[in-house]
Each structure stands twice: as C-alpha cells, then as structure tokens.
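Participant: Show me how the following folds:
(one chain, ligands or ions: 3)
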Amino acid sequence: MAGIVVGGAGLAWAGTTRNEPVRDETFTEPEVLTSTDKNLTLTLVAASGSGTVAGRDATTLRYNGGLPGPTLRLRPGDHLGIEVVNHLNDPTNLHTHGLQVSPLGNSDNPFVMINPGARFRYDYQIPDDHPAGTFWYHPHHHGLAADQVFAGLYGAIVIDDPDAPQVSADRVLVISDITLDGAGTVRPATGMQRMAGREGDLVLVNGQANPVLAAQPGTRERWRIVNACVSRYLRLRLAGQELQLLGIDLPLAGQPPPIDELLLAPGNRADLLVTTRTGTSTLQTLSYNRGSAMGMGMGGGMGSQGMGSQGSDPGGSVIELATLAVTGPPAPAVANFSPRQAIPDLQATAITTRRTVTLAMGMSMSSGGPAFTIDGRGFDPNRVDQTVTAGAVEEWTIINTSPMDHPFHLHVWPMQILSIAGGPIDPPTWQNVVNVPARSSTVVRIAFDADTGRTVYHCHILDHEDNGMMGVIDVV
Ligand code: C2O
Ligand code: CU
Ligand code: CU
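Facilitator: Ligands and ions are numbered 1, 2, ... in the order given. Below you'll find the model as predicted:
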C-alpha cells in the first residue's frame, strides 16, 4: 500500500471511507401504504437503482426505489392487489410471507414466474378471520431468492388488530444484511457462502446503520421486527428497557410475557411492546452459533458471528442495530393492557396423519457437489412431495440430520410448535418459520383448514432453498 502514492487518497476514499456506514442517523421508516374501503392496490416495481444504504450512496435492488419497499397496512377482510413490474435482468415473483391466503392462481402462488420486462397482477383476499400481526413480502424465484433478497427486495405487511393495545408509537423495523463493495454495489456471494448461507457485512434497520430513536420515559411503544436477512439469525436484546412479547410470527394469547432476549431465525417476525425507562439503550444482536458445514467436505463453517463482522470487529459477537434514547419528562401513564383472546391449541386435537420431513446436507451422487435435500431429494416444482387432505390436522416431525440449524418454513398454513430439540413449548405458540437445530428435530401441528392448493415448504436460509432444500405440498 505504501508504494501507491499517486491518487492514493482518492483510492483510499473509494476503497474504504465510502464503504464505512454512516451511523446514528435519525430512525426512519419505509413509506406506508394503507388500505381504504377494504382495498389496497399498488404497483411494485422491482429494479436496480441508486439510493442511500447506511447513509452512503449504493446501487441495490429496490421495490419502488426504496430499501426496504413500502410497508403495506391492511385489515382482516381486505383485498390486496399488487401489480409487480419486473425491471430486473432476471426473472422474479412475489411471496406474501405468513399471510393465510390462497396459494392458487394469481394469489400467493410461488410457481409464478415474471420474466424481465414483464408484469404480473397479484390479487390476495385476506380472510375476515385472519390473525393480526406483522408479515412481509419478498421474491421467491427458485435459484434467485437469496440473491434478490440480499440485494434489497423486501418489505413489511401489517395486518392491524381491531382492538390493538394503546401505544404511543407503532414502529416497523425491517432488519436485513448486505455486503457492499467500495463502489457501493452489492457483492455477489461466493460458492462457500451459498453453502453456509451468506451473511452480509452490514446489518441494517430500515436500510440504516444503528439509527437513533427517541422517546419519553414511561411510554409504551410497539415494535414490529422483521428478520429479512437471507441467513443470519438475530439474537436480540434491548437492555435497560422493559420488553413484552406479543408474539413471534403470530400473536400469543393472554398477557404478553416479559422477555429480555429473543431469537429470530431468518424469516421470523417479532411483535414487541417496549415500555421506556430513562437512559440510552442499544438494540443489539448477539452471536448465535448455527453450526457449520465443515467436516462435510464443504468448508464455510458459519456462526452468525463468522461473516457478519460489522466493520472493525471481525469476530464481532455483538452488533448494534439501533439506539433508543429515552429522555425528558415522564409521559402520562399508559392505559392498562387488556389480555388478548385465546388462540387455537391443537395439543389435544385428534391427529389425522403424522409425517416426518428430513432435512439433510450431503454430497450429490450425480454432480459431486453439495446437496441440500428434503427427504433425500432436491426441489422439483413438477413433483408433489406431500399430499394432504383439506381439513386434516397433522403432526409433522421435522428432522435435521445436518450439522447446521435450518429454519423450517411452510407457506399459507401456520404451525403450532409442540417441541424443539425435545424441549416442550407452552403456552401455545404459532409460527410460520420454526428453527430445527443441528442434529435434532422439531415437532409441529398444522390445521389444513380454509385454503387448498399447491405450494411449498423450505429452509428459510434462502441460499439453502435456492440450493434445493424445498418441497411441494398439495392440499386437496
Ligand atoms: Cu419467506 Cu417461502 O418464504
Ligand atoms: Cu413464506
Ligand atoms: Cu438450511
């Protein structure tokens, strides 16, 4: 480096300074589009574009020019119409993650392909009895999902509660990660990163690096957190503040339990109440060991600390995501929180069918390369792997024979979690993504009511999904 003198400053600026995130900006949220008269219709243009990421100019993929895309706010019973316009150089499509809507036709159909230059009109009918909560949308084109999400295509969906808790702020925090080079363009993943599941150098909240939120003491806020990272598990803490969990993915019943730490696998969302206390607190993500592909001849061992160095600390076990500054006079007392309604519990329900689903990593006989399989097979959109009778209540044991965790996701129908690695779950907990820790199993129950049709289940480490860890389910 010492030898390069001429133009050195410029090179240094382009190579390093420009890459440094601008931290501590005022927290912002994506544009919010709200339904009126039971309808929300919008156009969503997926395109490469320049804009700000972590306070610096960057060229990323964007929905409607934003990173994240707009937040869509609806109520149960609403209609959602989205015209997706593909200005990318690759095919794409759209998935409404967690929404309990039809997987058929031009609803939440993961088999739709939208070619470059083409457009596709999605129509979703949100059922009248749809649970309130936080959901999200992202592309789901097999083979390209990880690349497109990593490069910036994601946004939040909020289904509003008819009787929501009184809060002084209702915030959406979309957490994503990305790696930018010195020119501000998205760095493609290496082969090893695609195996381990890529983790970006920068962890962003609504496209910002460690933004600052301000509040008065004694207020109650609602934080809706989406883990839009391709592969990174988030182990969240907000020390010094009072946190209560309204739910992970779907609402819990009763009084929200106090928590001080929260694990969100890729694709999970958290719904939190934050009651503020004077002081400055940092929303942090701590390291989480999700296992390693080492020893399988694949290389690329990966804990969420390994690739996720936020700048200066390559072994970085703690990443600061946002800062909450609580100052000023105490706010007026907040209204009591009324416990929420009971939710379904399938623990005592008669089971129609029991199945096992086995997630594995190994070497492919045909290609000699790594194979990510479910029940020994890679994804084939033309094969149905599970046929389920509409109305059935099933128990699925999801077995992970590999040395890495895999977050298991089923479209459309939520899963009640009975146990993870043998540890029972109580009270009833409903999720759309559930972790299956390395060399263990997770047991869930699923009520296949309301919707029928063909859709998918997969690992939500989107690199694994793109590598074949996905199957087809048909509810008939
Ligand atoms: Cu969020 Cu099939 O994915
Ligand atoms: Cu999904
Ligand atoms: Cu996986």
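Participant: Enumerate every residue touching the spatially most central residue of the chain.
Facilitator: Nearest residue to the geometric centre of the chain (CA atoms, centre = their mean): G267, 2.6 Å. Residues in contact with G267 (CB atoms under 8 Å, 6 or more residues apart in numbering) are H97, N227, P407, H409, N432, V433, H460. Yep, even glycine has a C-beta here, placed from its N, CA and C like the rest.
Participant: would you list the residues you listed in TSV and tack on neighbour count?
Facilitator: Shown next, in TSV, are the contacts of G267 (neighbours: other CB atoms under 10 Å):
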residue	neighbour count
H97	23
N227	27
P407	25
H409	26
N432	25
V433	23
H460	26
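Participant: Can you pull the residues of the stretch 201-350 of the chain lying near ligand 2?
Facilitator: On the criterion CB under 5 Å from the ion, ligand 2 has no neighbours in the stretch 201-350 of the chain.
Participant: Show me where the stretch 201-350 of the chain dips below the pLDDT cut-off.
Facilitator: Along the stretch 201-350 of the chain, segments meeting pLDDT under 70 span 294-316.
Participant: got the end-to-end distance for stretch 268-279?
Facilitator: Taking CA to CA, to the nearest Å, stretch 268-279 runs 29 Å from one end to the other.
Participant: May I see the buried residues of it?
Facilitator: Neighbour-count burial for stretch 268-279 flags N268, R269, A270, D271, L272, L273, V274, T275, T276 (criterion: 16 or more other CB atoms under 10 Å).
Participant: what's the distance between that stretch and the middle of its chain?
Facilitator: Averaging C-alpha positions (CA atoms, centre = their mean, to the nearest Å) puts stretch 268-279 18 Å from its chain's average.
Participant: now swap in stretch 380-387 and tell me
Facilitator: Chain-centre distance of stretch 380-387: 25 Å, with CA atoms, centre = their mean.
Participant: ok, residues contacting it?
Facilitator: With CB under 8 Å, 6+ apart as the test, stretch 380-387 has contacts from 111, 142, 355, 357, 374-375, 377, 454, 457, 471-474, 476.
Participant: switch the cut-off to 6 Å
Facilitator: F111, G471, V472, I473, D474 (CB atoms under 6 Å, 6 or more residues apart in numbering).
Participant: Which two among those are spaced furthest apart?
Facilitator: Maximum pairwise distance among the contacts of stretch 380-387 (CB to CB): 13.2 Å, between F111 and G471.
Participant: neighbour count winner among these two?
Facilitator: Neighbours of F111 and G471, each counted by other CB atoms under 10 Å, are more numerous for G471; the result is 22 against 16.
Participant: Describe which strands the helix or strand containing the more buried one pairs with in its sheet and in which direction.
Facilitator: Here G471, judged by DSSP states H and E, is contained in strand 470-475. According to DSSP bridges, strand 470-475 forms sheet pairs with strand 386-388 (parallel), strand 453-459 (antiparallel).
Participant: quick one: contacts of the last one?
Facilitator: Contacting residues not belonging to strand 453-459 are listed as 103-104, 110, 406, 409-412, 465, 469-474 [CB under 6 Å, 6+ apart].
Participant: Which ChimeraX command selects the buried ones in those residues?
Facilitator: Selection of the buried residues among the contacts of strand 453-459 in ChimeraX, burial being defined by 16+ other CB under 10 Å:
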select :103,110,406,409,410,411,412,465,469,470,471,472,473
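Participant: helix/strand/coil for R194?
Facilitator: Classification of R194 by DSSP: H, G, I helix; E, B strand; the rest coil places it in helix.
Participant: mind checking pLDDT for the residue nearest to it when sequence neighbours are not counted?
Facilitator: The spatial neighbour of R194 that comes closest, neighbours along the chain excluded (CB to CB, 6 or more residues apart in numbering), is D463 at 4.8 Å. For D463, the pLDDT comes out at 97.
Participant: Any residue of the helix or strand containing D463 touching ligand 3?
Facilitator: Assessed by DSSP H and E, D463 sits inside helix 462-466. Yes. Interface with ligand 3: helix 462-466 contributes H464 (CB under 5 Å from the ion).
Participant: And for that helix, what's in contact with it?
Facilitator: Residues from elsewhere that reach helix 462-466 (CB under 6 Å, 6+ apart): G143, A145, A146, V149, R194, G197, R198, V230, F372, H458, C459.
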